[in-house]
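Asks: Turn this into a structure:
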Amino acid sequence: MSKVFVIKKKQIQLAIAVVALIAVCIVFLSWRGGGSQEVAGQANEPRVFELVTGEFKSEAADGKVTEVYLWAPGTIVVNKGELTQLKIHGTSGDTHPFVIEDFGISGEVQNGKVTTITFTPDKKGIFPIHCMTHTDMQNSGPMVGYIVVQ
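Replies: Below you'll find the model as predicted:
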């Protein structure tokens, strides 16, 4: 007596679906590196922010000219522990000596040049970038920007 196995169409479809699912999982895990590998070099790459020095001039009805300097963008957001690089382009004014006191950073931006600062913020909060030339309205300021560390 011989036994006859009857394979139904639904069983074939189920087997094909299971094999396809396994193949997709294998391809996905191979593509992602098993989820355990990091791309070489990316952990040391800084997150770069481009800033510029800006100037607004306005003339009142009486002919008085008001001039104000600023950082643009005025606020950047970074993550605590993230290697961060600021590239500040001097586009207005002659020179802008600045400080970021909470991180012990000081420097100077000159017109037509780029000043680059690289640092890793070690605390959360809002930290100002102060231009030491344009400190108040009498000195065409205040020229202040903010680094928000999350």
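
Asks: Could you grab the helix/strand/coil label for the nearest residue to residue 135 once chain neighbours are set aside?
Replies: Leaving aside its chain neighbours, residue 135 sits nearest to residue 141 (5.3 Å; criterion: C-beta to C-beta, 6 or more residues apart in numbering). All C-beta atoms are positioned from the backbone trio N, CA, C, and that covers glycine. Secondary structure, DSSP: H, G, I helix; E, B strand; the rest coil: residue 141 is coil.

Asks: doesn't residue 71 make contact with residue 141?
Replies: No: taking contacts as C-beta atoms under 8 Å, residue 141 lies outside contact range of residue 71: 10.9 Å.

Asks: before we move on, the earlier item: count of neighbours near the residue nearest to residue 135?
Replies: Per other C-beta atoms under 10 Å, the neighbour tally for residue 141 reads 18.

Asks: repeat for the one 3 residues further on
Replies: By the other C-beta under 10 Å criterion, the neighbourhood of residue 144 contains 16 residues.

Asks: Between residue 141 and residue 71, which contacts overlap?
Replies: Common neighbours of residue 141 and residue 71 are listed as residue 131 (criterion: C-beta atoms under 8 Å, 6 or more residues apart in numbering).

Asks: Mind giving me the packing neighbours of the helix or strand where residue 87 lies?
Replies: In the assignment (DSSP states H and E), residue 87 maps to strand 84-89. Judged by 3 or more C-beta pairs under 8 Å, 6 or more residues apart in numbering; DSSP states H and E, the packing partners of strand 84-89 are strand 47-59, strand 105-110, strand 114-119.
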